[in-house]
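Novice: Give me coordinates for this.
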Amino acid sequence: MTSYLRQKFQSLTVSSVSEDAKQGELYSDEKREEMERTSIQTMKAFVLKQDPSAKDVDDLMIRRFLRARDLDVDKASAMFLKYLKWRRESIPNGFISPSEIPNELAQNKLFMQGYDKSGRPIMLVFAARHKPASTSVEEIKRFVIFILDKICGRMPNGLEKFTTIADLHGWGYANSDIRGYLAALSILQDCYPERLGKLLIINAPYIFMTAWKMVYPFIDKNTKKRIVFVEDKTLRATLLQDIDENQLPDCVGGPLKLVPIQDC
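Specialist: Below you'll find the model as predicted:
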């Protein structure tokens, strides 16, 4: 076989393999969608028998809980029923009022601004402004519910996730709050599953790793995949992979001024 024919044969072979792979991915995606549709209907029927309030829940929420449990209907149903009970007990009025979280709001540590390239709203957290001595775990929990409901309510149609930039500049042991971190993580993972699209951690000091090592074992595998520690020297380039320059908040060199979460 001549060199030209060999190259031609290899090119056709690679092309054929590539097309087969794409076709396989297409079939795989179609099969997964079909499995999800079936699982959603099965789960809805089951949870409705257990809790009549489930009739007000849409398919997208059911799907998020299913995805959080890898489409295991039994596990997802148990998780969802626990969530419904938690929601009634923790938020009897259906929402958290700013008057219920005065100490958390006074710390001025959480903002929203802009959208990433996928259209997901961006939330910014300034971790060094968190003062655990001036608040309580119960108020932190209410604050987490408040911000998650806020950002989920701002989701564009067709989207379900948000992006977070956590700025740890100036973070020290006075800001460390393992109980608060675990409480927030539990609410995010157990009650708002599949809402976090990506968490970009920037300006992390070395001493933060002590706290991180204590929290990390409690992060589920799906959440771990979405966490990125960004090096200082690649900060802007890394952010621009996910966020257009005109959507960058001013705290990271963009044009958009931050908006406090309570004003969104």
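Novice: A helix includes residue 201, no?
Specialist: No. Counting by DSSP: H, G, I helix; E, B strand; the rest coil, residue 201 is not found in a helix; it is strand.
Novice: list the buried ones in stretch 48-57?
Specialist: Neighbour-count burial for stretch 48-57 flags 54, 57 (criterion: 16 or more other Cβ atoms under 10 Å). C-beta here means a position set from N, CA and C on the backbone, and glycine is covered the same way.
Novice: Outside of that stretch itself, which residues are in contact with it?
Specialist: 44, 47, 77, 80-81, 84-85, 88 (Cβ atoms under 8 Å, 6 or more residues apart in numbering).
Novice: Give me the mean pLDDT for it.
Specialist: Mean pLDDT, computed over stretch 48-57, is 90.
Novice: Could you tell me how far that stretch lies from the centre of the chain?
Specialist: 25 Å (Cα atoms, centre = their mean, to the nearest Å).
Novice: Then stretch 197-206?
Specialist: Offset of stretch 197-206 from its chain centre (Cα atoms, centre = their mean): 14 Å.
Novice: Tabulate the CA atom coordinates of it in PDB.
Specialist: Output of stretch 197-206 as PDB, limited to C-alpha atoms (Å, rounded to 0.1, in the frame of the first residue of the first chain):
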ATOM      1  CA  GLY A 197     -23.300  24.100  38.000                       C
ATOM      2  CA  LYS A 198     -19.800  25.100  39.100                       C
ATOM      3  CA  LEU A 199     -18.000  26.400  42.100                       C
ATOM      4  CA  LEU A 200     -14.800  28.400  41.400                       C
ATOM      5  CA  ILE A 201     -12.700  29.000  44.500                       C
ATOM      6  CA  ILE A 202     -10.300  31.900  44.100                       C
ATOM      7  CA  ASN A 203      -7.600  33.500  46.300                       C
ATOM      8  CA  ALA A 204      -7.600  30.500  48.600                       C
ATOM      9  CA  PRO A 205      -4.900  30.800  51.300                       C
ATOM     10  CA  TYR A 206      -2.900  27.800  52.400                       C
END
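Novice: before we move on, the earlier item: please convert the buried members of the contacts of stretch 48-57 into PyMOL selection syntax.
Specialist: Typed into PyMOL, the line below selects the buried ones among the contacts of stretch 48-57, using 16+ other Cβ under 10 Å:
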select buried, resi 44+47+77+80+81+84
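Novice: helices and strands of this protein: which one bottoms out on pLDDT?
Specialist: Lowest on mean pLDDT, DSSP states H and E among the helices and strands of the chain sits helix 3-50, with a mean of 71.
Novice: Who are the packing partners of whichever helix or strand comes after that one?
Specialist: Going down the chain from helix 3-50, the next helix or strand is helix 59-68, by DSSP states H and E. Counting by 3 or more Cβ pairs under 8 Å, 6 or more residues apart in numbering; DSSP states H and E, the packing neighbours recorded for helix 59-68 are helix 3-50, helix 73-90.
Novice: quick one: contacts for the spatially most central residue of the chain?
Specialist: Central residue of the chain (Cα atoms, centre = their mean): residue 196, 0.7 Å from the mean position. If a contact means Cβ under 8 Å, 6+ apart, then residue 196 has 161-162, 164, 188, 223, 226 as its contacts.
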